[in-house]
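K.L.:
Prediction below, plus the sequence it came from.
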Amino acid sequence: MIRDGTPVWAWELAAPPWQAPGANLTEGKSMHRSVWILAGVGAAVMLLAASATATTKVVSNARSATLAAAPFAQSWANVPRTVAARKAKSVLVFGAEQDVAGFNVLDANESALWATIPGITPTMHGAFIIDNNGAYHLDAASAVSASKTGLTITIRPNAYWYWGGKKLPVTNQDLVYTWKQLVDQKNAVASNTGYINIGGYKLKGTKTVTFTWNKSCPAGSEAAGTCATGPFADYRDLFGLILPSKALAGLDFNTFWANCVCGSDGKPVSDGPFYLSNYTKGQGETLKPNPYWYGAKPGLKEIDFRIITDTNSEIQAMRGGEVDAIYPSPQVALSELKGQSGLVYSSITALGQEHWDINVGAPGNPLLRQVWMRQAIAMGMNRVSLIQALYGQIAPGLKPLNNVEFEVGKDAIPQFAKWSFAPKKALAVLKAHCTGGPSVPTRNNTSYWTCGGQKASFNFNTTAGNQRRQTSAAIFAQQLGAIGIQLNVSFEPANVFFGTRLPAHNFDIGEYAWSQGSPDPSGFDSVYTCGGGQNYKQYCNKQVDALIHAGDGNLNPTTRTAQYEKAASIMANEVAIIPLYSPPNILVHKTGVKGMLNNPTSEGPTWNVEQWHW
């Protein structure tokens, strides 16, 4: 943070205290915080956890649309099928829970957790990383400082791009190119928060750039979300991913990494410890070591991510030795793996938010535009009983989320606790506005309310193949049905739900998770602000926008927190989302695999992938 224009935060290149001089600095990478998966790449983007925002866009650049990595089958054919043989060859197979619709996590339609884990975290590094304890460290940058007037970043001298065998320096031009892409209104960016505060830049040599904060904005641009003035307080989450300007020259941001992480010639590009050599949709991805990586030499010669979309199948593959590690969505069935000989089971509290999006602009049922209806829905849901059913065995002690801006820590004031399970209160609200429902909560009720001629019946969509969401849908459908609200439940593939349904706002109620790249609340900006790139629920409150924008530029941590808490209080009253819980991050791997450390952020388990080894 910065107070009164004095650069209180200023980092110089130094090994973290747990490392010897010259050791690898990537102990905790979080370049995607800024993108918040939605993920950490542009200050505040969220990663759709256990899901992926991926839509098919109109192809405006045939060249970028046809770029593709080598087929996964080519690399998979040479992967040993036994654990012992893989260990001998220094190859690891990782069970990947979801496919993606692209690897450009800066794009609102591709910013997804499972695009990040195998495709971006190992290959694309940025200014800072976040370790498994939530601490920031310099990564591709050797120095970063900020003041009231600007942000200065210096790229480390030994940072290079690997581009199909070519070695190119990472430069200040790459930072400028990244910024320009994220503020270009033609691009479907997941979040431009923080980047629109930048109005210009000055280069110094080839490694240093000073970005200047806007002093003013064109009329109407701030309201439109295309310009913001003053410093951006969460600047450490900017440039969490740096784009390779030369490799991407001439390509369309909206299509360039649909089937690879590559340059304009289709050859892989990376400034991280690995590059993505092979990928086939529906099958998997292959990583190979980057010879120009500035950190410690990777401990594995190859990592293959085999797509297994069903949690039960993941568990069986883990037990049967078909895969060496999994990072599954939390499910009760995972208790089978706890304490099993030959496995390491890690469960930690994650930075994430499983929640319901309530589409306040839903075309299907206008009742969702009514605050009282949304409040009644919230009071009809027993979140405590759901959490006990889902996590009593695998993450005991987990409690409901009650703050939509702060998820953990002292700042997480329980603003949403007012809507705790209270079915009789919910019925009183419904009786005041509707007719025809039950007089008391009734199990297996079939008498649903009619409100102003509209039936209290809502479509509920979520991802298929996810047992905890199936459980959630069953529990809440029964509870809401008991008070006269009908849920029409539908499960669909993640690429459909995140790729077309959410971006098109074609839903009434949807359940999914945000996975955060850092604890800073600015990551939610594009989720809650009017017209935000990830505001699928179409929520809009100008007072909330004003508080969030003020917090974005406030360098005083105390008053900044108060602004975000006020916004959280307003949103809690209006119930456009219903926060459920922070799903734990669960990582399971063979005991023979060393160096894997679970991470609470959306970086996922690959945040220190270069340290993995047999």
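P.N.:
Received it, and whenever you're ready, just let me know what you need. All of these numbers come straight from a predicted model, not from anything done at the bench.
K.L.:
for the stretch 451-600 of the chain, what are the low-confidence residue spans?
P.N.:
The stretch 451-600 of the chain contains residues with pLDDT under 70 at 517.
K.L.:
residue ranges of the helices in it, please?
P.N.:
Per DSSP state H, counting those that start in this stretch, the stretch 451-600 of the chain carries helices over the ranges 467-482, 494-496, 525-528, 542-553, 557-574.
K.L.:
again with the stretch 301-450 of the chain
P.N.:
Using DSSP H, counting those that start in this stretch, helices in the stretch 301-450 of the chain cover 311-320, 371-379, 383-391, 423-433.
K.L.:
what does the stretch 51-200 of the chain give?
P.N.:
62-65, 72-76, 83-89, 113-115, 172-183.
K.L.:
Could you point out which of those helices sits nearest P414?
P.N.:
helix 113-115 (26.6 Å; Cβ to Cβ). From N, CA and C alone the C-beta is placed, and that goes for glycine too.
K.L.:
Who are the packing partners of that closest one?
P.N.:
The criterion is 3 or more Cβ pairs under 8 Å, 6 or more residues apart in numbering; DSSP states H and E, and there are no helices or strands that helix 113-115 contacts.
K.L.:
What about the nearest residue to N535 once chain neighbours are set aside, how many residues nearby?
P.N.:
Sequence neighbours aside, V527 is the residue nearest to N535 in space, at 5.9 Å (criterion: Cβ to Cβ, 6 or more residues apart in numbering). Taking other Cβ atoms under 10 Å as the criterion, the count of residues near V527 is 26.
K.L.:
Would you check that K301 makes contact with A88?
P.N.:
No. With contact defined as Cβ atoms under 8 Å, K301 does not count as touching A88 (10.8 Å).
K.L.:
List the contacts of stretch 491-508.
P.N.:
48, 50-56, 98-101, 108-109, 112, 309, 357-359, 361-362, 364-365, 368, 458-465, 469-470, 473, 510, 512, 536-538 (Cβ atoms under 8 Å, 6 or more residues apart in numbering).
K.L.:
Filter those residues down to the buried ones.
P.N.:
Neighbour-count burial (16 or more other Cβ atoms under 10 Å) applied to the contacts of stretch 491-508 gives 48, 50-55, 98-101, 108-109, 112, 309, 357-359, 362, 365, 368, 458-463, 465, 469-470, 473, 510, 512, 536-538.
K.L.:
winner for burial among the helices of the stretch 451-600 of the chain?
P.N.:
helix 525-528 (a mean of 28; mean count of other Cβ atoms under 10 Å).
K.L.:
Centre of the chain to that helix, how far?
P.N.:
13 Å (Cα atoms, centre = their mean, to the nearest Å).
K.L.:
For it, output the C-alpha coordinates as PDB.
P.N.:
The C-alpha atoms that make up helix 525-528 are tabulated as PDB, following Å, rounded to 0.1, in the frame of the first residue of the first chain:
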ATOM      1  CA  ASP A 525     -15.000  -5.400  -9.200                       C
ATOM      2  CA  SER A 526     -16.000  -6.800 -12.600                       C
ATOM      3  CA  VAL A 527     -18.400  -9.200 -10.900                       C
ATOM      4  CA  TYR A 528     -20.500  -6.500  -9.100                       C
END
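K.L.:
Give me the contact list for it.
P.N.:
Counting by Cβ under 8 Å, 6+ apart, 44-46, 190-193, 404, 514, 532-535, 539, 544, 548, 552, 567, 571 sit against helix 525-528.
K.L.:
Now, these that are in strands?
P.N.:
Judged by DSSP state E, strands contain the following of the contacts of helix 525-528: W514.
K.L.:
count of residues packed around G523?
P.N.:
33.
K.L.:
what's the spacing between it and H355?
P.N.:
14 Å (Cβ to Cβ, to the nearest Å).
K.L.:
now V261
P.N.:
For V261, the distance to H355 - Cβ to Cβ - is 30 Å.
K.L.:
Looking at these two, which is more packed in?
P.N.:
For V261 versus H355, neighbours defined as other Cβ under 10 Å are more numerous around V261 (31 against 20).
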